[in-house]
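In: any chance you could fold what I've pasted below:
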Amino acid sequence: MIEVLMVLALMGIIMAMSILMTRTTLNAAKGDGAMQSVMATLRGARERAIADRRNIEIQFPSNNSITIYRREVNGTTETGALTLLDTLVLEQGVRFTAPASTYISQDTPDGFGNGSAVVFATATKYMFTSEGSFVDQSGEPLNGTVFLGRANDPLAARAVTVFGPTALLHGYRWNGAAWQN
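Out: Prediction:
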């Protein structure tokens, strides 16, 4: 009888450990999935800009969505009219969130800033051009970072950086001590 109780106790301990590990892994997977969705949306917008030979504007209308618009052209002049192309809504409780709200004070290795959830210097508009670069409202190359996370879950924190001249994207995970690729 004692042997059976010992085996049951050992099985209970192993199950408890696996449940805790599964929860941590699941939360990390939610952060990874959201980061991959953001990166795919931004890559798709860049590819669309090149294919359509039009500027594609990116907007962050809420703390969990991205909208993609094509800037229309009348003849050879950009009209300012926007056509909605796509919307990404983050799921699983993932939001655009400033690193400080997830207890993270470090910037990513790219060093583009970490003062808010979406950091693109002082730009008011963000666009991919038909040449494949990422620029601000005046056409200047724009570097920046989009931070993602879940409330009270620092290990689900993710960051996506955009290097303006080439629109190269990098994804980073927070490992509890530093950002890593």
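In: is Ile13 located within a helix, as I assumed?
Out: Yes - under DSSP: H, G, I helix; E, B strand; the rest coil, Ile13 sits within a helix.
In: so what touches the lengthiest strand in the chain?
Out: Longest strand in the chain by number of residues (criterion: DSSP state E): strand 77-89. If you take Cβ atoms under 8 Å, 6 or more residues apart in numbering as the criterion, strand 77-89 is touched by 37-38, 41, 44-45, 48, 55-57, 64-73. Placement of C-beta: from N, CA and C, glycine included.
In: kindly recompute the last result at 6 Å.
Out: Ser37, Thr41, Ser65, Ile66, Thr67, Ile68, Tyr69, Arg70, Arg71, Glu72 (Cβ atoms under 6 Å, 6 or more residues apart in numbering).
In: got TSV for the residues you listed, with neighbour count, pLDDT and secondary structure too?
Out: Formatted as TSV, those follow (neighbours: other Cβ atoms under 10 Å; pLDDT from 0 to 100; DSSP: H, G, I helix; E, B strand; the rest coil):
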residue	neighbour count	pLDDT	secondary structure
Ser37	18	95	helix
Thr41	18	96	helix
Ser65	14	96	strand
Ile66	22	96	strand
Thr67	18	97	strand
Ile68	22	97	strand
Tyr69	20	96	strand
Arg70	19	94	strand
Arg71	19	91	strand
Glu72	13	89	strand
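In: would JSON lines of those with distance to Ile19 be doable?
Out: Formatted as JSON lines, the contacts of strand 77-89 follow (distance: Cβ to Cβ, whole Å):
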{"residue": "Ser37", "distance to Ile19": "27"}
{"residue": "Thr41", "distance to Ile19": "33"}
{"residue": "Ser65", "distance to Ile19": "32"}
{"residue": "Ile66", "distance to Ile19": "34"}
{"residue": "Thr67", "distance to Ile19": "38"}
{"residue": "Ile68", "distance to Ile19": "39"}
{"residue": "Tyr69", "distance to Ile19": "44"}
{"residue": "Arg70", "distance to Ile19": "47"}
{"residue": "Arg71", "distance to Ile19": "50"}
{"residue": "Glu72", "distance to Ile19": "53"}
